[in-house]
Each structure stands twice: as C-alpha cells, then as structure tokens.
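A.B. asks: Give me coordinates for this.
(2 chains)
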Amino acid sequence: MKKTIAMLLALVMMLSLASIASAEGKTIVYWSMWESTEPQGIVIQKAVDAYVAETGNKVDLQFKGRTGIREGLQPALDAGTVIDLFDEDIDRVNTLWGSYILDLEEMVKASDYEATAIAGLMGACREVGGGVLKSIPYQPNVFNYFYNQAIFDEAGITEVPQTWEAFLDACEKVKAAGYIPVTSDDAYILSTLGYHMARYLGSAGVTKVVKEGLWAEEPAVLKSAQALEDMATKGYFSPTIGSSVWPTNQNGEMALGLAGMYLNGSWLPNEVKAMTGPDFVWGCFSYPAVEGGTVGVEGANYGAQVFAINNKSEVAQEAFDLIVKLTKGEHDQMLSVESVGIPADTTNTEWPAALAGVKPVMDSLSVRFPWAAGIEDNADMTPIIKQELQKLCAGEITAQQFVDNLEAKSASN
Amino acid sequence: MHTRNRGMIIAFLAPALLFFSLIFLYPIFRTALMSFYNVENITSGMDAWTFVNFDNYAKLADTSLFRISMWNLVRIWGVGGLVVMTLALLFAVILNSGIRGKKFYRAVIYLPNIISAVALATMWLQFVYNPRFGLLTGVFNALGMKGMAATQWTAAGNKFWALTYAYCFGMVGYHMLIFSSGIEKIPHDYYEAASIDGANILGQFTHITLPLLKGVIKTNITMWSITSVSFFTWSQLFSTVVSDVDTITPMVYLYNQVFSGGNVVTERNAGVGAAVGILLGLCVVAVFIVINLLIRDDELEF
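C.D. replies: Residues are numbered from 1 along each chain as shown, chains lettered A, B, ... in the order given. Modelled structure (predicted):
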C-alpha cells in the first residue's frame, strides 16, 4: 500500500515538474479576424501549431471573425485584456487602432523582413501608419475588373481593354456573343463610379466631391455618369443590376458563366470556387483609362490584411516571430493555395492558377486608391449614392438626373 | 416589529436595487450623458470626451439619411404592425373557433419564429425574390403573368416592401400566440349566451372578444414597438455590406456611427450613436403613453 502511494506521489511530482517545464515558454495571445473553418483560419491554425512545436512558446489563438474583431477588439484593449497580436484590414488597423499598435521598424530591420516582402504593400502600410511601419501585410488583394476568359475567347476579344473605347468595344463583343457584358451587386457597384471619377480626379478628388457635396460643381461627376448612362443605354449592364443584393449576381451571373466582367476584388475566385469549379479561367485587367484623365491603368485599390502587435505586449518579439512564420515561406504559400490568394512572400513566385491573370495587373499598379477610390468616404451619403447609381446603371434615370438628385440630397445633409 | 420589517425589506431589496442600478440605470445615465459629447471610441474614458452641447441631436435632424431611417422605422412599425396585428388576431380567432387540427395549424404559423432570422432572410432574399430563378418569378411565369414575373422585388422602391413583407411573415406567429392565450382565457359561456341571444360571429368578435382583449392588445403593441425600434438584423441581411436607403433603420445608422460599419473606415462618433439611442428610447415611451391613453384597462374580471 505504502509502495503504491509512494509511486503515485512520484508520478504526481513528475507530472508537476513536466507542467512547470512546459510553462516556461511564453504565451502569445492572438485574436484573429477569421473563422476557424475558413481556409485562412485552417492555415493559420497549422502555422501556429508549427510555431508552437518549434519554439515551445504557447499561442492562445482565438478566432473572432470580422464582427468580433470590429466590435470587440478596441473595448477589450481599453479594458486591459491581454491581446498581443491581431489582424484586420490595412486601413482599419492603422486608422482606428493606430494608437494601440507597436512600431515594427526595428524588428523588421533586424530580421531583414523586407528583403522578401512586396515593396508596394510595405509602403502602403507605412503610408497609412503615418510614415511608420506598424503593421505587416499578408493576403494581398487588388480590386479591378475580373473576367471570364472563355467568354472573352468566344467573343473574339484577344487583348484586354486599356482604354474606355476598347472597353466599350469589348462590352459590345460580349453582348453580341450572347452574354451579359458587365454585372455587379450592391456591395461593389459604387466602385464603378468611384474608379471612373478617380480616373479624372484622382481618389483625393473623389473624396472631396463626396465630403463636400460637389456633385453639380465638379464636371467629372456628370462625365462619369454619362459614361455609365451610355453603358446602360447600350445594354451593357446586367438587367438585374438595379436590384441585386450581394452575392446574387456574383454567384448567379458571374460564377455561372452568364456574365463576362465584374469589378471586384481578387478574393472573388476563392468566394465562388465551389460554383465555378477548377476549369473556370479567370482574367483580370485594370479599370480602363479615360480620355482627359489624370490617372490611368496604373491606379487601383490594392491592399491586404495586416498583422499588428499591441504596443503593451510583453512578448512583442515572439509575436513578431509568429508573424514571420505566418507570412513567409511554407505557410504563406499554403495560405495562397488554400484561399486562392496572392502570396505575401516574394520568394513564393507560384500564384494560384485562378489568379495568374492578376499578377501582371498587380505588378503594373503604382497609384493606390483607397477603397472604391474614395466614393464611400461619406457614410451619411453612401447609401444614397448607391441607390442613385443603381438607378442610373439600370437605365431608370439619366446622368443629369443622377447629378441633380445627389446635389439635392447632399445639400440636405 | 415595524423596524425589524423595514430592515428585512432593505436587506432583501438592496442587492436587487444595486444590480438594477448598475446594469440598467448607470448605462442609461451614461448614454444620456454621452449623447451631449463627441466620443470617438465607445469605450474611451470621459476625459477623452468633448462636450458639444446639442450638436449630435442637431446633426441627426440635419442628416437626410437619419431622417430616412426614422421614416423607414415609422413605416415598419405602422404598416407592418397593422398587418401583423390584424393577421395575428385573425388567426388566433380562427384557431380558437373550434376548428380541427388547431395544434397543427398553430405550430405551422409559429414555425418561422424558431428558424434563425439569418436563414429566413437569406431564403427570402436569395430564393423568393431572386429575379432570375426566384419563387415569385417562377410562380408568376407559370401563371403567365410575365409583367409580374419580371418585377425586380429588391430594386429601389420595392426593397422596403420586400423587407417588410418578409419580416412580417415571421412575426405573425409570435403575436398570434399572445392573442390566442388571451382568447383562451375568455369563458366560453359568454359566446354561448351571445349565440342564444342571436349574435352572429362578427358580433361576438366585436362585442366580446375585442373588449376583453384590451390588455393583450396593449401588450402586443408594446412588444411590437420594442422589437420594431431595435430593427437591425433583417435590415443588415437585406443590405449585406453597404447600407441601403430602402432598408436602413435607426439602429443600423447607430451601428455605423459607433463601429464604422460598411466597407470603409469612416469617422466614428459614439455620441451620435448615443443620441440615436436616446431618441429611440423616447419613441418607445411616447408610444407606451399614447397606447395607455387610447386603450384604458377596464379592470374586468372574468
């Protein structure tokens, strides 16, 4: 009996020592914007497991989802909750939570991180971080025209349109081949107007119009509206563009091969891959240049999700090492494959086949627009602009009525 | 004895009062106070607040989008409420008229309430109203009504009614149950006596059922008002990413102001959100007062 008790006590002591030994590693608390079941969440979990196995550190990984992060992160940080690492969109992290995050310049320099990072995105992070690098990009994305290569081939379009005239010509050919030239949903339709206006004014000019209500005063608004009215008159837009609530047309027209083009993000192939299947060949081109414009095909919205470290974190270096694990080499490549996304590590040169057409477009961009080129920068006007734009694209109102309506409605704001 | 009782009362009430003050009164007081400040972050301390007097309320009055959201709320409450209450009362009366299969029909009408609002709204939006292969398009095509089949139910102007109809569809069962429980309490003898005296069904309804349901009607209207004021999920689901003129409600406007909803990070002001909350609270109180004035309890016992 005594022997049994002694053995049990010895076992308890050994287990206690083992647990003390395992507790020696540091713990990183990571709040993720993804759900655990999404491709991104699954790959992140694998990368975290690999990091834990290699370092002996612990990672308290909590998948919060977009809403959980947007609503919960800042109150949690204010309440003093220990959160070392988190991720979200580049603008949200740097703009809303900029005062909570750590300057990463030293750590990036020490690890020579930038040698294999996309320079444009690192620059974008510095730009939104007020000249200082406070976030590390991953899952790069670009917002531009995506097209169905099979429809383009059938319509006899051999080169992607670079100018507005060439774009209209492509629309005509797609229509003649029996397809819907351009489709959209309510979530993304505003980018059409934003991009067109930004071709004339740059994105800063678009923001000025929506914030100051210069709809009638700025001639580029009417010119842009006339271009879209022209498309509506010629039947280039989806017949349901005035009523489509995302993702109705993304799924029902683009993914099912009924429509040729959609101004959308590079996440589109991933979102509809269950519907398109592996044989669907995607193409991409930059929003066409317009005559008399100031920004050409080199301008578009591109960005990324970013990682950031809490400036109160006591395990900042460990959190940065985990970021490296997530954004370099094997796991960056895995994330790219599983989520049909763009790799963040420049040594991962193999892009998913569905995004092969995006690479030359991404490489050609040098002017970064904010989301929708600034057309959504006035929250009190965005739903109103959206409704008027849907009517314009559906052919229910003219370009002049579009301008007049927005001028009147912005005056009452 | 008297003193001892007072001590007991205080001892038993104190915890409840304390928690009530902490959980209800303090947030109300803080929200009311916050509505007079510019507050960038909802959780920031008061030292980060900037006093702006009535500016937040003035901004709401001057913002057409907020006025639109209030008008949408009034329409959902008024038109939707009329439809829901009428149908709920009608179904409750029919179910309590002695028809066979009462439990089955009651379960069927109540069924939408046990399905998640997300699933219901997605079903309405992506299936029923889908302009390409939706239920309505299919039915009207089958009936040869090409004009109706081509209707885009979620286009500007139609979308509000599409939303209201879908929402009301799910709410009838809930209010029907409340009406039904009220009707079940009315003694059957009253109806028998009225039948003997020659009253028809309509007469029995207007002279017995309705007067004896006053309290239940008041409860139903109050409940409807509270759920209408907090109308959020359905609105968000009918405009999944960017808010919509036809579906925006004050709660969605509040959310966008506090959390910068939508695609873009825009200026946040939890003070404006608090002002919206105060206005909505006042609306519910006003409705409650008006209902109490219009529908007086007769304190009938039966």
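
A.B. asks: can you give me the strands in chain A?
C.D. replies: A:27-32, A:58-63, A:85-89, A:136-148, A:180-183, A:259-265, A:282-285, A:299-309, A:367-369 (DSSP state E).

A.B. asks: How about chain B?
C.D. replies: According to DSSP E, the strands that chain B contains are B:37-38, B:50-51.

A.B. asks: Could you tell me how far the nearest residue to A:Ala356 once chain neighbours are set aside is located from A:Glu298?
C.D. replies: Leaving aside its sequence neighbours, A:Ala356 sits nearest to A:Trp282 (Cβ to Cβ, 6 or more residues apart in numbering or on different chains; 8.0 Å). (Glycine included, C-beta is placed from N, CA and C.) Distance of A:Trp282 to A:Glu298, computed by Cβ to Cβ, to the nearest Å: 21 Å.

A.B. asks: next one: A:Glu229
C.D. replies: Noted for A:Glu229: a distance of 27 Å to A:Glu298, by Cβ to Cβ.

A.B. asks: Which residues of the stretch 201-302 of chain B lie near chain A?
C.D. replies: Residues of the stretch 201-302 of chain B lying near chain A by Cβ under 8 Å from any Cβ of the partner chain: B:238-246, B:248, B:256-257, B:259-268.

A.B. asks: Out of these, name the ones that lie in helices.
C.D. replies: B:Phe238, B:Asn256, B:Gln257, B:Phe259 (DSSP state H).

A.B. asks: Could you give the number of residues near the second one?
C.D. replies: One way to gauge burial is a neighbour count; for B:Asn256, by other Cβ atoms under 10 Å in any protein chain shown, it gives 23.

A.B. asks: Please identify which of A:Glu229 and A:Glu298 sits among more neighbours.
C.D. replies: Between A:Glu229 and A:Glu298, A:Glu229 has the larger neighbour count (other Cβ under 10 Å), namely 20 against 12.

A.B. asks: which helices and strands does the longest helix along chain B pack with?
C.D. replies: Using DSSP H, we find that the single longest helix of chain B is helix B:159-185. Packing contacts for helix B:159-185, counted by 3 or more Cβ pairs under 8 Å, 6 or more residues apart in numbering or on different chains; DSSP states H and E, involve helix B:64-75, helix B:81-95, helix B:102-110, helix B:117-123, helix B:214-229, helix B:233-238.

A.B. asks: one more time with 6 Å, if that's ok
C.D. replies: helix B:81-95, helix B:102-110, helix B:214-229 (3 or more Cβ pairs under 6 Å, 6 or more residues apart in numbering or on different chains; DSSP states H and E).

A.B. asks: Could you work out which of the strands of chain B reaches nearest to chain A?
C.D. replies: strand B:37-38 (15.4 Å; Cβ to the nearest Cβ).

A.B. asks: quick one: contacts of the closest one?
C.D. replies: Strand B:37-38 has contacts (Cβ atoms under 6 Å, 6 or more residues apart in numbering or on different chains) with B:Trp49, B:Thr50, B:Phe51, B:Val52, B:Asn269, B:Gly271.

A.B. asks: for stretch A:219-232, same thing?
C.D. replies: Stretch A:219-232 is contacted by residues A:196-197, A:200-201, A:215, A:237, A:392-393, A:395, A:398-399, A:402-403 when judged by Cβ under 6 Å, 6+ apart.

A.B. asks: The same query, at a cut-off of 7 Å, please.
C.D. replies: The contact list for stretch A:219-232 (Cβ atoms under 7 Å, 6 or more residues apart in numbering or on different chains) reads A:164, A:171, A:192-193, A:196-197, A:200-201, A:209, A:215, A:237, A:392-395, A:398-399, A:402-403.

A.B. asks: again with stretch B:93-111
C.D. replies: Contacts of stretch B:93-111 (Cβ under 7 Å, 6+ apart): B:Phe91, B:Val172, B:Gly173, B:Met176, B:Leu177, B:Ser180, B:Ile183, B:Glu184, B:Phe205, B:Thr209.

A.B. asks: if you set the cut-off to 8 Å instead, what comes out?
C.D. replies: B:91, B:172-174, B:176-177, B:179-180, B:183-184, B:201, B:205, B:209 (Cβ atoms under 8 Å, 6 or more residues apart in numbering or on different chains).

A.B. asks: Kindly report the same for stretch B:45-56.
C.D. replies: With Cβ under 8 Å, 6+ apart as the criterion, stretch B:45-56 contacts B:34-41, B:269, B:271-272, B:274-275.

A.B. asks: what's the longest helix in chain A?
C.D. replies: helix A:189-212.

A.B. asks: and it with chain B, contact?
C.D. replies: Yes. Counting by Cβ under 8 Å from any Cβ, chain B has neighbours in helix A:189-212: A:Leu190.

A.B. asks: Dump the C-alpha coordinates for that helix into CSV.
C.D. replies: Extracted C-alpha coordinates of helix A:189-212, given in CSV (Å, rounded to 0.1, in the frame of the first residue of the first chain):
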residue,chain,number,x,y,z
ILE,A,189,-21.3,48.8,-57.6
LEU,A,190,-20.1,52.0,-56.0
SER,A,191,-16.5,51.2,-57.1
THR,A,192,-17.6,51.6,-60.7
LEU,A,193,-18.4,55.2,-60.2
GLY,A,194,-15.5,55.8,-57.8
TYR,A,195,-13.0,54.4,-60.2
HIS,A,196,-14.4,56.3,-63.2
MET,A,197,-14.4,59.6,-61.3
ALA,A,198,-10.9,58.8,-59.9
ARG,A,199,-9.6,58.4,-63.5
TYR,A,200,-10.4,62.1,-63.9
LEU,A,201,-9.8,63.5,-60.4
GLY,A,202,-7.6,61.0,-58.6
SER,A,203,-9.1,59.4,-55.4
ALA,A,204,-8.5,62.6,-53.4
GLY,A,205,-10.7,64.5,-55.8
VAL,A,206,-13.4,61.8,-55.4
THR,A,207,-13.3,62.1,-51.6
LYS,A,208,-13.6,65.9,-51.9
VAL,A,209,-16.7,65.5,-54.0
VAL,A,210,-18.5,63.1,-51.6
LYS,A,211,-17.5,65.0,-48.5
GLU,A,212,-18.2,68.5,-49.7
